[in-house]
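A.B. asks: Give me coordinates for this.
(2 chains)
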Amino acid sequence: MIAPVKHISPLTLVERERVLPVPGRVVARQGQAVSPTNIVAEYIAAPKYVILNIAEGLNVSPHKADKLLQRQKGDTISKSDIIAGPAGLFQRVVRAPFSGQVKLTGDGKVLIEAFASPVELKAGIDGTVTKIIPDWGVIIETRGALVQGMWGNGKIAFGLMQLMLDDPGDELVADKIDLSARGTILVGGLCQDPQVLHRAANIPVKGLVVGSMSAALVPLATKIPFPIIVLDGFGKKPMNSAAYKLLTTTTKDRNIALHAQAYRSLEGERPELVITLPAPDQIEPLLGMDEFAPEQKVYLVNKSYSAQIGIIKRILSKPFKFPSGVTAPAAEVRLENGELVKVPLASLESFGEKADQEIETY
Amino acid sequence: MATSRINTDSLLAIDIGAISTRALLFDVVNGQYRFLASGEAPSTVGTPFYNVGEGIRRAMDNLTTATGRKLISSNESLIMPSLPDNSGVDALVATISAGEPLKIVAVGLLEDITLASTRNLAATTYAQVVDTIKLNDRRQTSDRINTLMRVRPDVVIVAGGTDDGASQSVLELVEAIGLASYLSSKEQSPYILFAGNQKIQAQVRSSLEGVGKFHIAPNIRPALNLETISPAQRELTAIFKGIRKAQIGGIGDLLSWSGNYLTPTSGAFARVIRFLSKKYDPDKGVLGVDIGSQSTTVAAAFNGKETLRVYPYLGVGTGSVKTLRESKLDGIMRWLPFDISKDAVQNYIYNKQAHPHSLPVTKKELAIEQALGRQALLLAVGSTLPDFPSDTPRLAPALLPVVEPIIAAGSVISKAPTPGQALLMLLDGIQPTGVTTMVVDQNNLSAALGAAARINPLLTVQVLESSTFLNLGTIIAPVGYARFGTPVLRVRMTNKSGAETTREIKYGKLEVLPVKMGERVKLHLRPLHQFDVGMGGPGKAGEVQAVGGAAGIVIDARGRPLHLSQDPKRRKKLVQRWYRALETKV
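C.D. replies: Numbering: from 1, shown residues only, chains lettered A, B, ... in the order given. This is a model prediction of the structure:
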């Protein structure tokens, strides 16, 4: 059975496509080193159009107005430029209301597209542009630690990390956030209190990574100006051990790139943090897809189990009936705490590690 | 090619859902078409495959494992037509509900007339009306252009003007659409479907044909009091197919296998409901509901006349947070038969949306998912009520018309651990009235049968008659007002051997008559206190022949609409009692 993949790895090759939602202009060059906040491409999200009624403005017939046009289709215009005229006793003219381009003329009217500020697409990670996708974006590659989460508020940041937990289950409280947190990316276990987000915004911090967060905070977290990544889900679950270990050991005094994009399972986009590290050139990427198999390290998405990471001991040959009464294909999984549990395959994710990449077994 | 498939034998139906792809095999057994087996696999619309082909292949492999029937040849192509060694199939049909709902801008003259019809047309498929443009919205042409450029719709549906009505106003609206299409790149220009005043078709065509992907359909509002959706619905389906082909990898291959026959799952589901409405009591309608991960579909047909509404994002998986938002947390909590914090329920639902494929492991998790299912149904059926034909018989205004049977599909129903749980979700969510029969499409065949009907109607008829659906039971739901505990219905049941039992049902109760599956009984129903059970008016008695289903025969005297107590303790006790009532072994 196909296994969805969630990557948590202390060292891997990270290759990310950054593309615009609509065609635009790629500003990065192939081979360019980029940091997460560098702009790699831009596009005009929704240009503003205005139709000027020249005939009405000049007080002439549409046919005559067309003859009095001073600018034609395709012309670039500046604000207050004369578009048409003069006409009549008082030498009436029609001027451009803003800078832009004439897109269409005729029937006594002119359609103008206003110049608009482009929407910028940021690199999101620290790395090198390895490929340009003309009009759409780039592919960026880096080597380092990668931790994927399950919810993000859509923002990007880059900065030094400050650990706010001694245990994966430590709750981040507002009182703990002082001025030393200014400009850093905070890492906490649980986040349940809106005051934490308000306090962090006031300091201000550059970003926040937590194991779990109350779903009641989603509306507020969406509006918060810095990126927030929830690694494991909504509720009160400790941060998963793999992410906790990685964040508390590998990354001291290193910059961390947060790309808190929304989790879109179809597109394979997950919110993630990347810490660029020195690594050999021949390092391989993690698997983009996987199949469930015995001895595979897996992540449990269902929050009812006592731990979130385990090893598949066997895949059951027949569907298993769970306490809920639901019968489904299942695996027997040895959790980190030694407990052996049955889990629906549909509630498991693989870490996308090749057999020789697995870090530890239980 | 279609002609050659009329007399085909075996048929493979592929259904591509947001979560799962299924392959369903039908063939002739002892001279009758039968459903043989299905294979299921995760859908591969998105990462890492971005091609539905892998999911289809795996679903077919699982079907082959289940049946032993080889479907794929050694050169990796579908074996079609079937071979003498019983490998392959003779025809293939496909349905799809996966993919983001189409973004639609509805354009019409008046809100309550043409725009309403345009919305109704959009609601027949997986689509969301993201903006509307109407004559009196006070926007200039340039504002309308800006709206279209900002929203970037997949489809613009233009209606307006009865066939002898307005033309200049419609052409003014068309101007903005034409200009927006002209300004868009070829890839980004939306499909335009014109279904307005037929007298200006030629002018509209000349304005729009050169600048966009232009489709034309008969007027959806040819007269003020007449709405004709079906022809435009077919055109919208063609557009849907074109968009999905461009968006999703592998759809092109599927189209070639199926002879270009791919249909939205909702449309195919509605077709089977329409089919059934011609078969059953013409005085009653037939209702179908399909609760999906991402959307909920309500399809009804009254003597062949169809009402179809698709509610995108209202679901129990990827649509669960929208179901929560539209219901409010209390709307979900009220159905839970145990104490649990609001936070825990809200967290569970947000986690479910992020991992829509995950399954409930504990009874509490299951109850939350079933509460979501109830609410999705309640919202979808409630929103559809005003759109059912006004001349359909109802026991009271604003209640569900009298329908029989009610067919339910979707995993939350069909994979409920017990028939009682499935039935209780349906009773709470649909709130049927009078006497009806509730059936579950346990193998989720409806859409496949609807799709098959177009090329092999005999297959659809014979499979529908072959007890493929699970009869949950006959439902008797008297309508009226009384104090809790007041007797409202007297039921005298006579079984095949002539033995009689009598029960008096009190208001507020949910009772099961222990009639075994398939057992036929005669029920004499005498409503009390002017309650109406659909026998000709309030207080009128009558007899019905009823058949026991998996949950027996159920009398739902809880009132319509169903009101739950505001007192949480009392409400919880009641909900627990209802759960227990329908878990009775029959």
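
A.B. asks: Run through the helices of the stretch 101-250 of chain A in chain order.
C.D. replies: Remark: helices assigned in the stretch 101-250 of chain A by DSSP state H, counting those that start in this stretch are A:194-202, A:218-223, A:241-249.

A.B. asks: What lies in contact with the last one?
C.D. replies: Contacts of helix A:241-249 from elsewhere in the structure, counted by C-beta atoms under 8 Å, 6 or more residues apart in numbering or on different chains, are A:8-10, A:145, A:147, A:161, A:163, A:165, A:168, A:187, A:209, A:211, A:231-232, A:238-239, A:307-309, A:336, A:351, A:359. (Glycine included, C-beta is placed from N, CA and C.)

A.B. asks: Can you select the buried ones from the residues you listed in PyMOL?
C.D. replies: To isolate the buried subset of the contacts of helix A:241-249 in PyMOL, counting by 16 or more other C-beta atoms under 10 Å in any protein chain shown, use the following:
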select buried, chain A and resi 8+9+10+145+147+161+163+165+168+187+209+211+231+232+238+239+307+308+309+336+351
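
A.B. asks: Using the record's domain definitions, break chain A down for me.
C.D. replies: A:2-12+A:143-276, A:49-114, A:290-357 (automatic domain parsing).

A.B. asks: looking at those domains, which is buried most?
C.D. replies: Among those, domain A:2-12+A:143-276 has the highest mean neighbour count (mean count of other C-beta atoms under 10 Å in any protein chain shown), at a mean of 20.

A.B. asks: Can you measure across that domain, start residue to end residue?
C.D. replies: 30 Å (C-alpha to C-alpha, to the nearest Å).

A.B. asks: Could you tell me the end-to-end distance of stretch B:142-161?
C.D. replies: End-to-end distance (C-alpha to C-alpha), stretch B:142-161: 22 Å.

A.B. asks: now check that stretch, is it near chain A?
C.D. replies: Yes: Stretch B:142-161 reaches chain A (C-beta under 8 Å from any C-beta of the partner chain) through B:Ser142, B:Ile145, B:Asn146, B:Met149, B:Arg150, B:Arg152.

A.B. asks: How about the residues of the stretch 1-150 of chain B by chain A?
C.D. replies: B:41-42, B:44-49, B:54, B:58, B:140-142, B:145-146, B:149-150.

A.B. asks: Which members of the residues you listed are positioned in strands?
C.D. replies: Among the residues of the stretch 1-150 of chain B next to chain A, the ones falling in strands (DSSP state E) are B:Ala41, B:Pro42.

A.B. asks: Contacts only, for B:Arg374.
C.D. replies: B:Arg374 makes contacts with B:Trp335, B:Met425, B:Asp428, B:Gly429, as judged by C-beta under 8 Å, 6+ apart.

A.B. asks: Also A:Leu68?
C.D. replies: A:Leu68 is in contact with A:Ile54, A:Leu58, A:Val60, A:Ala84, A:Gly85, A:Pro86, A:Ala87, counting by C-beta under 8 Å, 6+ apart.

A.B. asks: Which of these sits closest to chain B?
C.D. replies: Using C-beta to the nearest C-beta, A:Ile54 comes nearest to chain B of those, at 13.7 Å.

A.B. asks: State the pLDDT value of that closest one.
C.D. replies: For A:Ile54, the model assigns a pLDDT of 94.

A.B. asks: returning to that earlier point: type out the PyMOL command that picks the buried ones from the residues of the stretch 1-150 of chain B next to chain A.
C.D. replies: Entered in PyMOL, the line below selects the buried ones among those, by 16+ other C-beta under 10 Å:
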select buried, chain B and resi 41+42+44+45+46+47+48+49+54+58+141+142+145+146+149
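
A.B. asks: Just the ones of the residues of the stretch 1-150 of chain B next to chain A in helices?
C.D. replies: Using DSSP state H, the subset of those located in helices is B:Glu54, B:Arg58, B:Thr141, B:Ser142, B:Ile145, B:Asn146, B:Met149, B:Arg150.

A.B. asks: which stretches of the stretch 201-350 of chain A have low pLDDT?
C.D. replies: A:250-252 (pLDDT under 70).

A.B. asks: ok, 80 please
C.D. replies: Filtered on pLDDT under 80, the stretch 201-350 of chain A yields the residue ranges A:250-253, A:265-268, A:280-281, A:284-285, A:287-289, A:306-307.

A.B. asks: circling back to that earlier point, out of the contacts of B:Arg374, which sit inside helices?
C.D. replies: Counted as lying in helices by DSSP H, out of these, are B:Met425, B:Asp428, B:Gly429.

A.B. asks: Closest to chain A out of the residues you listed?
C.D. replies: Nearest to chain A among these is B:Met425, at 13.6 Å by C-beta to the nearest C-beta.

A.B. asks: right, and that closest one touches B:Val412 too?
C.D. replies: Yes: contact criterion C-beta atoms under 8 Å: B:Met425 and B:Val412 qualify, at 7.2 Å.

A.B. asks: quick one: contacts for A:Gly183?
C.D. replies: Shown in contact with A:Gly183 (C-beta under 8 Å, 6+ apart): A:Gly159, A:Leu160, A:Pro204, A:Val205, A:Lys206.

A.B. asks: Next, work out how far apart it and A:Gln162 are.
C.D. replies: Distance from A:Gly183 to A:Gln162, counting by C-beta to C-beta, to the nearest Å: 10 Å.

A.B. asks: Residue numbers of the stretch 101-250 of chain A in contact with chain B?
C.D. replies: Counting by C-beta under 8 Å from any C-beta, the stretch 101-250 of chain A comes close to chain B at A:103-104, A:111, A:113, A:150-151, A:214-216, A:218, A:233-235.

A.B. asks: hang on, the earlier thing: can you list the residues of stretch B:142-161 next to chain A in a markdown table and add pLDDT and distance to B:Ile216?
C.D. replies: Listed next are those as a markdown table, based on pLDDT from 0 to 100; distance: C-beta to C-beta, whole Å:
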| residue | pLDDT | distance to B:Ile216 |
| --- | --- | --- |
| B:Ser142 | 93 | 26 |
| B:Ile145 | 95 | 22 |
| B:Asn146 | 94 | 26 |
| B:Met149 | 92 | 24 |
| B:Arg150 | 91 | 26 |
| B:Arg152 | 92 | 22 |
